[in-house]
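Trainee: how would this look folded up:
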Amino acid sequence: MNNNKINILVVDDEEIICNVVTRYFRNEGFNCKAKRSAQSALLELQSHPYQVVLTDIKMVDFDGKWLLHEIRANFPNVVVIMMTGMDDTKEAIQCLKIGAYDYILKPFNLEELKMAVFRALEHKRLLEEKTIYQQKLEQKVQERTIELVRAYDEIEMTYQRTLEALISALDLRERSTGGHSKRVVELSRLLAQKLGLRGNKLVYITRGALLHDVGKIGIPDSILLKPAPLTEKEWEVMKIHPAVGYNMLQDIKFLQPSLKIVRSHHEHYDGSGYPDGLKGKEIPLEARIFAVVDAFDAITSDRVYKKAKSIAEAQKEILRNVETQFDPEIVQTFLKLPLHKIKKLS
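Mentor: Numbers count the residues shown, from 1 in each chain. The predicted structure follows:
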C-alpha cells in the first residue's frame, strides 16, 4: 500500500493528541491533517478527500458521534475510527452500531493505532471491490436481461409471422374470405380494449382471432369452396372445423390460452351453437367477443354466395340476434365503437 496516497484526518480538541498523532502518521508516509472540532473537521471533509478519520468522542459543542453521523450521511466511503477513554466504551460501542469501523482506547499505542488504520483501509478496499463487483454484476444482469428480452421478442415475432403465413395460406385457399382473418384480428383487439382487456389477454385474443378458422384445413374443397348454400349434410361436416382446429393446436403450449376462440367462436348465447352447445357465460369471454366481430365481418364482406351489406345493416342484424346468438353486453359495447375506426377496418 502506498501510504503517501492515503489522507488521514485527526479530530480531537486536545492539541497535544492532534500534534502527536499527526506527526507520527506523517513520519510513516501518510498525508495527515488535524482539526480541533467536529464542525471544522466537517468543513475540511467537504473541501478535501480523506480515506480515514480518527476522531475523539467527547469534544466541546459537537461531539464525535455527531461527526460520525454526518460522515455516514455525506461521505459513506470514509472509514471512521473512534478514539475514546476507558469510561467511554459504551459510547464507543454505540458508535460501532452507527457505522464506525473500530475504536481505540486512550492512552493508545501509536503502533496499535497504525494497525487499526491498516485494518480499516483493508476493510475499505474490500468494500469498494465488493461494490465494483456488484455494479459489474448488475450491469451484466441488465445486459443479459436486454438480450433475453430481444430474443424473446424475436421468438414472439417469429411465432406471429409463422401464424400469419399459415392463415394467409388458408385465406388464399378460401379466396372469397380474403383478408377476413386480418380484419377480425384488428376489430377483436379494438372491441377487447373497449371492454377493458389489457396485456396478455389482448395477445391471446388477437392470436385466437387470427387462428379461429384454422380447422377449415380439414374441410374438403367441395364444401369449403362451394359457391352455393350448403346442404344439411355438408353443414354437419363444416361444423367440425372448430374442434379440428382445437385438436390441431392444443399441444402447442404458447397457443393454449388462445384456443378458447378457436373452439368456441360458433357457440351461441342461447346454447344452440356448436361444437359443445355452451350457453351464456359458459362460453368463454374471448369467444363471445369474437363471435360478434366474426359475424359483423361476414355480413359486411362479399362472399361467393352473397353480396356485402352496409355497416348499418350489419349492426341491425347483430341486434336482432342479441340473446340468441350474441352476448347483449358485448353487443352494446360493440355498437359504441367509433364508426370511423370500424369503416377503416371493414
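Trainee: for the longest helix anywhere in the chain, packing partners?
Mentor: Criterion DSSP state H: the longest helix present in the chain is helix 110-173. Judged by 3 or more Cβ pairs under 8 Å, 6 or more residues apart in numbering; DSSP states H and E, the packing partners of helix 110-173 are helix 15-27, strand 52-56, strand 79-84, strand 102-105, helix 180-194, helix 200-211. C-betas here are computed from N, CA, C, even on glycine.
Trainee: now those in CSV, with mean neighbour count, distance to Q139 and mean pLDDT?
Mentor: Shown next, in CSV, are these (neighbours: other Cβ atoms under 10 Å; distance: least, Cβ to Cβ, whole Å; pLDDT from 0 to 100):
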stretch, mean neighbour count, distance to Q139, mean pLDDT
helix 15-27, 16, 37, 94
strand 52-56, 25, 30, 95
strand 79-84, 24, 26, 92
strand 102-105, 17, 33, 88
helix 180-194, 21, 37, 90
helix 200-211, 21, 30, 92
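Trainee: nearest to K336, out of these?
Mentor: helix 180-194 (7.1 Å; Cβ to Cβ).
Trainee: quick one: the closest one to helix 200-211, angle?
Mentor: On the basis of axes from the mean of the first three to the mean of the last three Cα atoms, to 10 degrees, helix 180-194 is oriented at 160 degrees to helix 200-211.
Trainee: which other residues reach helix 180-194?
Mentor: Contacts to helix 180-194, defined as Cβ atoms under 8 Å, 6 or more residues apart in numbering, come from residues 167-168, 170-171, 201-202, 205-206, 208-210, 212-213, 286, 289-290, 292-294, 296-298, 301, 330, 333-334, 336-337, 341-342, 345-346.
Trainee: swap in stretch 308-319?
Mentor: With contact meaning Cβ under 8 Å, 6+ apart, stretch 308-319 is reached by 292, 295-296, 299-302, 326, 331, 334-335, 339, 342-343, 346.
Trainee: what mean pLDDT does it get?
Mentor: The predicted model assigns stretch 308-319 a mean pLDDT of 91.
Trainee: which of the residues in that stretch are buried?
Mentor: Using 16 or more other Cβ atoms under 10 Å as the test for burial, stretch 308-319 gives 309, 314-315, 318.
Trainee: same question for stretch 227-237.
Mentor: Of all the residues in stretch 227-237, those buried under the rule 16+ other Cβ under 10 Å are 234, 237.
Trainee: distance of the most centrally placed residue in the chain relative to Q135?
Mentor: In the chain, the C-alpha nearest the mean C-alpha coordinate belongs to V149, at 10.2 Å (Cα atoms, centre = their mean). Per Cβ to Cβ, to the nearest Å, V149 is found 21 Å from Q135.
Trainee: again with N77
Mentor: In terms of Cβ to Cβ, N77 sits 14 Å off from Q135.
Trainee: give me the neighbour count for L285.
Mentor: Around L285 there are 16 other residues, counting by other Cβ atoms under 10 Å.
Trainee: nope, I8 is what I was after
Mentor: Neighbours of I8 under the rule other Cβ under 10 Å: 25.
Trainee: my guess is it meets V52, correct?
Mentor: Yes. I8 is within contact range of V52, at 4.7 Å (criterion: Cβ atoms under 8 Å).
Trainee: touching both of the two, which residues are there?
Mentor: Common contacts of I8 and V52, defined by Cβ under 8 Å, 6+ apart, comprise V117.
Trainee: in PyMOL, select just the buried ones from the contacts of stretch 308-319.
Mentor: PyMOL command restricting the contacts of stretch 308-319 to the buried ones, with burial defined by 16+ other Cβ under 10 Å:
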select buried, resi 292+295+296+299+300+301+326+331+334+342
